[in-house]
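> Model the structure of this input:
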Amino acid sequence: MNVISENKISQAALDKLFAAALTARENAYAPYSHFAVGAAVATPDGQIFAGGNVENAAYPAGCCAETGAITAMVAAGGRQISDVLVVADCDRGILPCGSCRQRIAEFATEDAVVHSAGPDGVHKSVRFAALLPEAFDRQTLESEPARAV
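All right, here's what the predicted structure looks like:
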């Protein structure tokens, strides 16, 4: 995993991203797992969108915090993610699940970074490309010729 030692995001911007994710985590709806997760995404122009996980008694109907944050970004007209911060009460921090990695891939800039955090702060920052190398993305579809079904 490509843990980066120097972030391109400023400490002030990272603090705002962390605060947004932490607030979203406090508002998460996790009555079954009791594992509240908050996430926030930043666009290249510095806008921040947050979401918390939302569980459902029919487990597959729930959604991850990252999904909520991405949905909020898209609803506001955003189409690019430069940074993602995910926070949970987990000693080692938390990284997006596989499904969320695929969702992030749809909007991640080439140099997007994922920040893994616990309630005490950021534990590590990883280039998104290291979390989902050779992602199935828009470029994959654009490079394939159209086929009749």
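> Low-confidence regions, this structure specifically.
Along the chain, the model assigns pLDDT under 70 to residues 1-2, 5-7, 144-149.
> buried residues in the lengthiest strand in the chain?
Determined from DSSP state E, the single longest strand within the chain is strand 108-118. Neighbour-count burial for strand 108-118 flags 108, 112-117 (criterion: 16 or more other Cβ atoms under 10 Å). C-beta here means a position set from N, CA and C on the backbone, and glycine is covered the same way.
> again, but for stretch 47-61
48-55.
> which other residues reach it?
By Cβ atoms under 8 Å, 6 or more residues apart in numbering, the surrounding residues in contact with stretch 47-61 are 16-17, 20-21, 23-33, 35-43, 62-73, 76, 78.
> Span of that stretch from start to end?
By Cα to Cα, to the nearest Å, the extent of stretch 47-61 from end to end equals 28 Å.
> Name the SS class of the residue lying closest to residue 96 once chain neighbours are set aside, please.
With Cβ to Cβ, 6 or more residues apart in numbering as the criterion, residue 96 has its nearest non-adjacent residue at 5.2 Å, and that residue is residue 66. Applying DSSP: H, G, I helix; E, B strand; the rest coil to residue 66 yields a three-state assignment of helix.
> Would you quantify the distance from residue 66 to residue 47?
Residue 66 is 16 Å from residue 47, where distance means Cβ to Cβ, to the nearest Å.
> So what's the gap between the longest helix that the chain contains and the chain middle?
For the chain, the helix that runs over the most residues, judged by DSSP state H, is helix 11-26. How far helix 11-26 lies from its chain's middle: 12 Å, per Cα atoms, centre = their mean, to the nearest Å.
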